[in-house]
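Chemist: Starting from these lines, generate the structure:
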Amino acid sequence: MRWAHTVLAGVRRYPLPVLALAGLAGGLLVLYAFNAPDISRLILIVTLVVGGSPVVLGTLRGMLHGDFAADIVASLAIIGSAVTGEYLAGVVIVLMQTGGEALESYAVRHASAALEALLARAPRVAHRRSAADAGMEDIPVAEIAPGDVLLVRPGEIVPADGVVLSGTSAVDESALTGEPVPVAAGPGREVMSGSVCLDGALELRAERTSGESQYEQIVRLVRMAQDEKAPIGRLADRYAIIFTPLTLAMCALAYVLTRRPEAMVAVLVVATPCPLILATPVAIISGINRAARRGIIVKNGAAIEQIGQASAVVFDKTGTLTAGTPVVDRIVPLNGVRADDALRLAAGLEQLSGHQMARALVAAGRERVGDVPLPTDVVEVAGLGVSGCVEGHTVDVGSIAYAEQRGLGRADELRRARERAGVDGDATAIVGIDGHAAALVVYADPLRPSVPALLGRLARLGVRETIMLTGDDEATARAIAAEAGIAAVQADLRPAQKVEAVRALLERHHTVVMVGDGINDAPALAMATVGVAMGAHGAAVSAEAADVVITVDDLERVADAMEIGRRTLRIARQSIWIGLGISGAMMVAAAFGLIPPVLGALLQECLDVAVILNALRAR
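Modeler: Have a look, this model is predicted:
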């Protein structure tokens with residue numbers, strides 16, 4: 001029964017091409033199998049009228065709005081076939097026209113379905129303290145009101161902007177701010193919706209409704225950018241601008257030469273731009289499927305057409321050019337302690353923590369000093385630090401505030417030590433051994449190793465300018481850009497400023513591709529000609545705003561997408577030119593009365609098969 005359900009779903013979704021195919025098959029069957037020409041003619045007339053009317057009306061509506069596309073010739077052929085009694089030829093045209101539109105619709109629907117899992121990450125439910133019994137109740141995020149007390153558990157997304165009332169946790173704000181290192185959140189600190197609570201539970205007071213939150217403000221920017229983006233004309237329509245007037249001129253010539261309306265219909269039938277109608281959607285579906293096998297979800301046909309023509313590519317930094325997760329950059333020893341000794345004990349202590357900076361420290365310890373000892377008596381204060389016993393030593397690892405609490409030194413002394421190391425405060429941790437500050441752990445978010453190779457591929461693909469736009473600080477951004485080989489850098493940008501930067505690039509370049517992963521990238525992704533979201537660990541709103549989503553954590557897939565786009569467009573154009581060339585030759589023959597309408601429809605069918613087979617090479 002599963003096949004029957006699939007068939008019924010196809011009929012409901014694409015009724016016109018199914019009707020045209022059934023009418024064509026039924027008419028021919030009745031004519032040749034049962035020798036009943038009158039019934040066959042009736043079936044073809046009904047199919048032509050019912051299936052062709054929506055095509056013709058849709059074309060007329062488009063013309064009233066100034067849209068003179070490839071559909072005009074097909075509509076004229078349908079009308080001419082009905083008027084002159086060439087019903088079989090007309091039904092063939094209806095099938096080709098509606099079938100091409102169905103193929104294009106299928107491509108978009110298939111890509112959208114593949115994206116649903118990514119968009120499911122957005123917060124839908126909030127845990128609110130009930131005033132009645134002081135318990136917790138789950139409510140839709142849209143029902144959050146200012147003053148509500150919300151619980152955010154480890155691993156959950158903060159559903160609304162608020163102030164922490166109790167609890168401590170490291171909070172990942174990288175998707176919003178571009179800062180790769182989590183921040184410590186405790187009582188009194190403001191947290192933004194869209195950030196992620198990592199390793200502790202927070203109870204917070206909502207300051208705004210979800211609709212007024214930072215997350216929703218960025219979503220509104222996305223919608224504004226999408227509304228502002230100029231529509232991209234279909235490849236077929238761009239060729240139709242030339243082909244349609246030529247076809248009408250050949251119809252006039254046919255009438256002048258033969259004085260027969262059937263000759264005009266024959267010209268329209270053989271000129272029906274099935275190569276335009278079919279070549280592009282078939283090639284696009286093939287290209288989209290090829291991209292999907294590489295973990296690249298292309299959401300619409302225009303994106304696969306445009307991405308291969310990019311002359312400028314814009315990159316976010318955190319999570320795009322970099323991995324977005326901190327690693328240990330170096331250990332700065334203090335008070336005469338050897339760096340490797342401090343690292344070994346600190347890595348041993350952090351083995352029982354799930355914090356991402358702890359994982360980075362453990363990985364660095366194992367890589368540099370080998371096996372690390374197991375700790376005992378571990379006590380962790382979420383978002384601040386951890387303490388325990390390692391090989392008989394009391395070991396502490398945490399922020400300056402935590403180090404001061406543990407008696408490792410005054411905060412001002414520890415800050416001066418950090419300044420002498422020349423690093424940012426959020427990117428360091430203090431290691432204490434037996435009550436004394438022993439080392440600074442300096443974290444970094446390094447460049448992805450594949451970036452230099454990617455930039456080389458982009459240059460070979462015709463990209464003339466690469467730019468970094470980031471919300472991170474200027475010094476860090478320029479260091480990463482220099483390592484990557486990117487000359488143009490704009491740092492400390494808010495989401496609206498990223499949109500303005502992309503808008504300025506669009507004035508200089510025909511096609512601009514924006515690559516990002518965070519919530520703060522979403523408006524710029526929507527503004528760019530083609531937005532590419534790194535969806536493996538990215539935010540749902542960025543995946544929704546983008547035209548292309550890369551579902552694997554591999555930045556080189558950006559170049560893969562461009563190569564697939566270029567190849568798809570090349571094959572589509574090749575099919576179009578071959579098809580239009582043969583159609584042109586058949587138009588000349590039809591104008592002289594050498595090809596009747598029915599034969600023209602059959603020849604057009606053969607041409608369609610050839611065009612489809614060629615377009616399928618894009619897979």
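Chemist: got the domain boundaries for this protein?
Modeler: For the chain, automatic domain parsing gives the domain ranges 2-117+242-288+566-618, 125-156+161-207, 292-323+447-563, 327-444.
Chemist: Pipe these into TSV and attach distance to Ser213, mean pLDDT and mean neighbour count per row.
Modeler: The way it works is simple: take the backbone N, C-alpha and C, and place the C-beta from them, glycine included. Formatted as TSV, these follow (distance: least, Cβ to Cβ, whole Å; pLDDT from 0 to 100; neighbours: other Cβ atoms under 10 Å):
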stretch	distance to Ser213	mean pLDDT	mean neighbour count
domain 2-117+242-288+566-618	24	76	20
domain 125-156+161-207	4	83	19
domain 292-323+447-563	11	88	22
domain 327-444	21	88	19
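Chemist: Mind jotting down where the strands sit in the stretch 1-150 of the chain?
Modeler: 125-129, 136-140, 149-152 (DSSP state E, counting those that start in this stretch).
Chemist: Now distance to Ala610 too, for these, in TSV please.
Modeler: TSV is the format used below for the strands of the stretch 1-150 of the chain (distance: least, Cβ to Cβ, whole Å):
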stretch	distance to Ala610
strand 125-129	54
strand 136-140	54
strand 149-152	60
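Chemist: Which neighbours in the sheet does whichever strand in the chain runs longest have, and how are they oriented?
Modeler: Determined from DSSP state E, the single longest strand within the chain is strand 436-444. Sheet pairing here is set by DSSP bridges, and for strand 436-444 it gives strand 327-333 (antiparallel), strand 428-433 (antiparallel).
Chemist: Which among those strands is found nearest to Glu563?
Modeler: Checking the strands paired with strand 436-444 against Glu563 by Cβ to Cβ gives strand 327-333 as the closest, at 30.5 Å.
Chemist: ok, now which ones touch the closest residue to Ile307 other than its chain neighbours?
Modeler: Spatial nearest neighbour of Ile307, chain neighbours left out: Gly565 (4.1 Å); criterion: Cβ to Cβ, 6 or more residues apart in numbering. Applying Cβ atoms under 8 Å, 6 or more residues apart in numbering to Gly565 gives the contacts Gly287, Ala303, Ile304, Glu305, Gln306, Ile307, Gly308, Gln309.
Chemist: Out of the residues you listed, which comes closest to Thr244?
Modeler: Distances from Thr244 to the contacts of Gly565, taken as Cβ to Cβ, are shortest for Glu305 (20.3 Å).
Chemist: Where does the closest one sit, in terms of helix or strand?
Modeler: For Glu305, the element it lies in under DSSP states H and E is helix 301-307.
Chemist: Walk me through which strands the helix or strand just after that helix pairs with, and which way each runs.
Modeler: Downstream of helix 301-307, the next assigned helix or strand under DSSP H and E is strand 312-315. Using DSSP bridges, strand 312-315 pairs in its sheet with strand 465-469 (parallel), strand 512-516 (parallel).
Chemist: Can I get those in CSV including distance to Asn335?
Modeler: Below are the strands paired with strand 312-315 laid out as CSV (distance: least, Cβ to Cβ, whole Å):
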stretch, distance to Asn335
strand 465-469, 39
strand 512-516, 43
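Chemist: Quick one: closest of the ones you listed to Thr247.
Modeler: strand 512-516 (35.3 Å).
Chemist: elements contacting the following helix or strand past that closest one?
Modeler: Going down the chain from strand 512-516, the next helix or strand is helix 522-527, by DSSP H and E. Where contact means 3 or more Cβ pairs under 8 Å, 6 or more residues apart in numbering; DSSP states H and E, helix 522-527 is packed against helix 214-228, helix 495-508, strand 512-516, strand 530-534, helix 540-545.
Chemist: same thing but 10 Å
Modeler: The contact analysis (3 or more Cβ pairs under 10 Å, 6 or more residues apart in numbering; DSSP states H and E) places helix 522-527 against helix 214-228, strand 312-315, helix 495-508, strand 512-516, strand 530-534, helix 540-545.
Chemist: Restricting to C-alpha, output the following helix or strand past the longest one in CSV.
Modeler: Pointing back at helix 214-228 there. Using DSSP H and E, the helix or strand that follows helix 214-228 in sequence is helix 235-258. C-alpha atoms of helix 235-258 as CSV (Å, rounded to 0.1, in the frame of the first residue of the first chain):
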residue,chain,number,x,y,z
LEU,A,235,17.7,31.2,-16.7
ALA,A,236,15.0,30.1,-19.1
ASP,A,237,13.3,33.4,-19.0
ARG,A,238,16.5,35.3,-19.9
TYR,A,239,16.9,33.2,-23.1
ALA,A,240,13.1,33.6,-23.8
ILE,A,241,13.5,37.3,-24.2
ILE,A,242,15.3,36.7,-27.5
PHE,A,243,13.6,33.5,-28.5
THR,A,244,10.0,34.6,-28.1
PRO,A,245,10.1,37.5,-30.6
LEU,A,246,12.0,35.3,-33.0
THR,A,247,9.2,32.7,-32.8
LEU,A,248,6.5,35.2,-33.4
ALA,A,249,8.4,36.5,-36.5
MET,A,250,8.6,33.0,-37.8
CYS,A,251,4.8,32.5,-37.3
ALA,A,252,4.2,35.6,-39.4
LEU,A,253,6.6,34.3,-42.1
ALA,A,254,4.8,31.0,-42.1
TYR,A,255,1.5,32.6,-42.7
VAL,A,256,2.9,34.8,-45.5
LEU,A,257,4.4,31.8,-47.2
THR,A,258,1.6,29.3,-46.8
